[in-house]
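J.: Quick one, what's the 3D model for this:
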Amino acid sequence: MVTSLQQVKHLEDKNLLSGYVAMFLSEFNLAQDLFLASSKPLAALEMRRDLLHWDSALQLAKALAPEQIPYISREYAQQLEFTGDYMTALSHYEKGVTREEKDREHDEVCAAGIARMSIRMGDIRRGVSMAMKMPSRILKKECAGILEGMKQWTEAATLYEQGGYYDKAASVYIRGKNWAKVGDLLSHITSPKIHIQYAKAKEADGRYKEAAEAYRSAKDWDNVIRINLDYLQNPEEAVKIVRDTHSIEGAKMVAKFFQRLNDYSSAIQFLVISKCNDEAFQLAQAHNQMETYADIIGPDATPEDYQSIALFFENEKNHFMAGKFFLLSGQYSRALKHFVKCSGEDGQAIELAIETVGRANDESLTRMLIDFLMGETDNVPKDAKYLFRLYMALKQYREAGRTAIIIAREEQNAGNYRNAHDVLFSMYKELMQQKIKIPSEMSTNLMILHSYILVKIHVKRGDHVKGARMLIRVANNISKFPSHIVPILTSTVIECHRAGLKNSSFSYAAMLMRPEYRNNIDLKYKKKIEMIVRKPDKTEEEEALTSCPYCSFQLPETALMCPECKNNLPYCIVTGRHIVNDDLTACPKCDFPAIFSEFIKLLETEENCPMCSEKIIKENLQKVTDINKYLHPEEGTIE
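T.: Here you go, the predicted structure:
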């Protein structure tokens, strides 16, 4: 009160001042009389507007400010609409329209009110027509809401649709059973509930394809699967959906479908997907499909599941499958007993027996398997490669290394040089990884076998000098190639002759003339070799010299022992020559050293590393500056 009085104390007009005091004291009629008698009669109108005394305000406006009548009418209409006096509100909204450009916003509010009140008063056509013509989405939504409350479904839905409220429009169309309009709106609808309602209606009408599409839009996969199976005869689509969505109920439906077709394998598969392992097991048992069930159940099964399968196969005397599933259930002793009962030729059973012992880490089981592999159990010694794999599984790398040498020797004696090379290479890498010193016999054998493999690469590329040098190295170790002595010596003679190494060619030709070899020479080359021996040309260009990577002594480039510092020299896996310090690289995959410039040349025509056979990208080759790890690979290793 004090603050209000301070705001008017400066007024000199007593009537005006008295009017404000009367207003502050809530004597509004007295205040109005005093304001009208003052120099500012409009204060009476302002008071009635502020008090929301609209009838009084309108009466005053007629006399004092007729131009204010439309605005007061609008405000009055809004209050009347709020209180539910729609008829009077409509009248005042209509009186509020000015049709003046400057009052466009005001007129739009009045027009919106007229539209709403027309609908409220039952003049639906007028209200809907006005709402449709006006740009306001909110007005369309308000009018649609009123119509929806009046159960005027078609008009309500039309306004929702025109306003872009598609989910709401579809919902109202559904209440009006106007499915055609719902179908037209489907691409705009986001509500799964509406898609499902539409789908159910289409299903009831027997329009199953449309129903399936609507269920799909709602991501109601179980119903999509059901429609495809029961009505569309499209099991392929149902199966695809189950695989994509992992629907458990859908998988059950697919399983039942396949059971009806007596396709038990597929039925079992989908029972497993639906987590119905017991039903799947019983079905497999009843229809002799246990192997199918075993394959399908995969790594997600419980130990109990695996044990059930193992016991089934045990009763069937299927030792391999029983062993496999006892292994998966963690019953290693029972698994091994079954594996060793399998045929000695069954490599897969032996591999799993090795895995079993590796997992079990049990000395008695290890001893049992070693006895089996050595032939103590059945008097049939098994392939040495299995003993090697057992030692690897047990992380007994030294024993594995010794076994690898034996295996490689057997492969070599049989003429399987690439196999022998790969066995030694893989063991070499494993020992390096475990930081165990490489046995010298393994290193030497790998080097000789690799030299043999390089021969083919060099000859294929037309580099006869390199090919001849590698053949000389192989021929000097010919006892390691017992199956191909004559062919290798023959190739050495021919390649040395082509490369201008006449003296070397003569030496190996003379060796071929020995009685034990002579009759085995290929007739195609025999006369030429005899000519080389009868008319010897002992000229031979000296081999180029390069520096020892340890002491820089100059020695022949294919020499792998330095006469000065007595070190064995690392060899280049591309050329077979010893490495050189200033042109060194290493294979990005296997890390074996090579001469950088030679590796680059090789990759112009080849794409694989000669040692590990992995694909190499030229850009990945980098020069090695710290060569110490290749000169002293044994550092950090254990004996």
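J.: For the rest of this, base every contact and every neighbour count on C-alpha atoms.
T.: OK.
J.: my guess is Ala544 contacts Gln554, does it?
T.: No: taking contacts as Cα atoms under 8 Å, Ala544 lies outside contact range of Gln554: 9.4 Å.
J.: In terms of neighbours, single out the busier of the two.
T.: Taking other Cα atoms under 10 Å, Ala544 and Gln554 do not tie; Gln554 has more neighbours (15 against 10).
J.: Tell me how far the nearest residue to the more buried one once chain neighbours are set aside lies from Asn567.
T.: Counting by Cα to Cα, 6 or more residues apart in numbering, the nearest residue to Gln554 once its immediate chain neighbours are dropped is Ser547, at 4.6 Å. As judged by Cα to Cα, to the nearest Å, Ser547 and Asn567 stand 13 Å apart.
J.: so what's the backbone phi/psi at Arg539?
T.: Slight slip there: residue 539 is Thr, not Arg. Main-chain dihedrals, Thr539, degrees, to the nearest 10: phi -80, psi 140.
J.: For it, which residues are in contact?
T.: Thr539 sits next to Leu501, Lys502, Asn503 when contact means Cα atoms under 8 Å, 6 or more residues apart in numbering.
J.: What helix or strand is the last one located in?
T.: Spelled out, it's Asn503. helix 502-512 (DSSP states H and E).
J.: From the chain's centroid, how far away is the very next helix or strand once past that helix?
T.: Next helix or strand after helix 502-512 toward the C-terminus (DSSP H and E): helix 515-518. Remark: helix 515-518 is offset 63 Å from the chain centroid, using Cα atoms, centre = their mean, to the nearest Å.
J.: Let me know the average pLDDT across helix 515-518.
T.: Mean pLDDT, helix 515-518: 92.
J.: And for stretch 555-570?
T.: pLDDT averaged over stretch 555-570 gives 96.
J.: what does that stretch rub up against?
T.: Residues outside stretch 555-570 that contact it (Cα under 8 Å, 6+ apart): 469, 543-551, 553, 571, 576-579, 593, 630-631.
J.: What are the buried residues along that stretch?
T.: For stretch 555-570, a neighbour-count test (16 or more other Cα atoms under 10 Å) marks Leu555, Pro556, Glu557, Thr558, Ala559, Leu560, Met561, Cys562, Leu569, Pro570 as buried.
J.: Stretch 302-309 now?
T.: Neighbour-count burial for stretch 302-309 [16+ other Cα under 10 Å]: Pro303, Asp305, Tyr306, Gln307, Ser308, Ile309.
J.: For the residue nearest the centre of the chain, identify the helix or strand it belongs to.
T.: Compute the mean C-alpha point of the chain, and by Cα atoms, centre = their mean the closest residue is Asp244, 14.0 Å away. Using DSSP H and E, Asp244 sits in helix 235-245.
J.: Can you name the element that comes right after that helix?
T.: helix 248-260.
J.: What residues of that following helix count as buried?
T.: Buried residues in helix 248-260 (16+ other Cα under 10 Å): Ile248, Glu249, Gly250, Ala251, Lys252, Met253, Val254, Ala255, Lys256, Phe257, Phe258, Gln259.
J.: Chain neighbours aside, what residue packs nearest to the third one?
T.: Taking Cα to Cα, 6+ apart as the measure, Gly250 lies nearest to Asp222, with 5.0 Å between them; neighbours along the chain are not counted.
J.: residues in contact with the helix or strand where Lys456 lies?
T.: For Lys456, the element it lies in under DSSP H and E is helix 440-460. Contact with helix 440-460 is made by 405, 417-418, 420-421, 424-425, 428, 464, 466-468, 470-471, 473-474, 477, 571, 573-576, 610-611, as judged by Cα under 8 Å, 6+ apart.
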